[in-house]
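# need a structure here:
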Amino acid sequence: VNEKEYEANDSSITEYSVNSFEIEGTVLKKYTGTGGAVTIPDNITSISSNAFENQKEITSVKLGKNLEEIGYSAFNGCVNLASITWNSKINTLGAFAFAGTGITSLKIPASITYMDDGVFQSCDSLTDAVLEMDIGLPQSLFKGCDNLKNVTISGKASYIGFDAFYSCPSLTTVRLGDGITNLDYHTFSDCPDLTSVYMPRYLTSCNDDAFYACPNLTLYIYKETTAAIEWAEKNDMCYKIIDEKPAPITDLKAAGYGKNKVRVSWTASPKADGYLIYGKTKSGKYGYLGMTTKNNYYVDTKAADTE
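Predicted coordinates:
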């Protein structure tokens, strides 16, 4: 461990260089290692802007258990960075934090409460993305991800911003969470292979150019989502109505799954596209907790200790 103290703005600052990192307090300022698998130390709470930028030899990153914030362009250009292991405390991703990396599949955790623009822009190896966070999608989030094929938004995101999926030429299937009420300009424009978008149940507005230059697209719209139907007809879009109600689920069970976690499971319902989960929230009121489109179970990670 190398340590040096110096004066800056009349404040004593201690700088550490530990295991290929330059660290000030709990802030990782710069990576000085040679690549491979990188584990962020558990005492780090923030990674500075550009800290790992263009480190082409890094292959994976595991976030330390106390990391909360990743700064602007922190891992931008790490072309061989194929995987991220998230922690439970990460909440902030700066603009272009992972742009141009080699990530192959992605699950953005529900703990994220703020994302800036272009976080995963131009990730050309990315094929599948699941978004579990409860915030809106910022502009250019996945812009120019050439091999992105499948996207599922399973959190409570309320909007998708400008150019969020612009120019994703391999994108084929998108499932939009029911929390989404607005689709912005060019949200999915220039996605020529996009064939299926499952529209949100409570959509209220959609920009006329949200799906510009998507010639093979069919929208799947719930019968009661009149705003989406009217928009599709106005813009001469191909769409199909979802009107078939699946059978009720059976064998519903709930069990503790660790601290502040409850696992709910059930027997799969034939013809169901997914499951919306409702229960008692921390405020004590009954409300929406989340959704899943792939499993017949759901883990509530924000349960009260008494549940």
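
# correct me, but Gly290 touches Ala110?
Yes - Gly290 lies in contact with Ala110 (C-beta atoms under 8 Å); the separation is 7.4 Å. C-beta here means a position set from N, CA and C on the backbone, and glycine is covered the same way.

# Which one's more surrounded, those two?
Gly290 (22 against 18; other C-beta atoms under 10 Å).

# Return the residues in contact with Ile90.
Residues near Ile90 by C-beta atoms under 8 Å, 6 or more residues apart in numbering: Leu63, Leu67, Glu68, Glu69, Ile70, Pro109, Ser111, Ile112.

# May I ask which of the residues you listed has the most neighbours?
Neighbour counts for the contacts of Ile90 (other C-beta under 10 Å) peak at Ile70, which has 27 neighbours.

# Quick check: it vs Asp42, distance?
15 Å (C-beta to C-beta, to the nearest Å).

# Where does the residue nearest to Gln55 when sequence neighbours are not counted sit, in terms of helix or strand?
Leaving aside its sequence neighbours, Gln55 sits nearest to Cys78 (C-beta to C-beta, 6 or more residues apart in numbering; 5.3 Å). Using DSSP states H and E, Cys78 falls within no helix or strand.

# Next, count neighbours for Cys78.
26.

# can you give me how far whichever strand or helix holds Gly287 is from the chain middle?
If you go by DSSP H and E, Gly287 is part of strand 286-292. The chain centre lies 17 Å from the centre of strand 286-292; the measure is C-alpha atoms, centre = their mean, to the nearest Å.

# Could you do stretch 150-162 as well?
When C-alpha coordinates are averaged (C-alpha atoms, centre = their mean), stretch 150-162 and its chain have centres 8 Å apart.

# Same question for stretch 235-253.
Relative to its chain's centre, stretch 235-253 lies at 24 Å (C-alpha atoms, centre = their mean).

# what comes up buried for it?
Asn235, Met237, Tyr239, Ile242 (16 or more other C-beta atoms under 10 Å).

# pLDDT and secondary structure added to those, as TSV?
Shown next, in TSV, are the buried residues of stretch 235-253 (pLDDT from 0 to 100; DSSP: H, G, I helix; E, B strand; the rest coil):
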residue	pLDDT	secondary structure
Asn235	94	coil
Met237	95	coil
Tyr239	96	strand
Ile242	89	strand
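
# just those now: which is nearest Thr101?
Lowest distance from Thr101 to the buried residues of stretch 235-253 (C-beta to C-beta) belongs to Met237, with 33.6 Å.

# And that closest one, how far from Ala228?
The separation that Met237 has from Ala228, given C-beta to C-beta, amounts to 10 Å.

# Pull up the overlap in contacts between these two.
Residues touching both Met237 and Ala228 by C-beta under 8 Å, 6+ apart: Leu219.

# thinking again about what came up before, what is the strand holding Gly287 packed up against?
strand 275-280, strand 297-300 (3 or more C-beta pairs under 8 Å, 6 or more residues apart in numbering; DSSP states H and E).

# can you give me the angle that strand makes with strand 275-280?
Interaxial angle, strand 286-292 versus strand 275-280 (axes from the mean of the first three to the mean of the last three C-alpha atoms, to 10 degrees): 150 degrees.

# strand partners of strand 286-292, parallel vs antiparallel please.
strand 275-280 (antiparallel) (DSSP bridges).

# Other residues contacting the strand it pairs with?
178, 249, 264, 266, 269, 286-293, 296, 298, 300, 304, 307.

# What's the ChimeraX line that selects buried ones from those residues?
A single ChimeraX command selects the buried members of those (16+ other C-beta under 10 Å):
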select :178,264,266,289,290,291,292,298,300
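
# got any ranges where the stretch 101-250 of the chain has weak pLDDT?
244-245 (pLDDT under 70).
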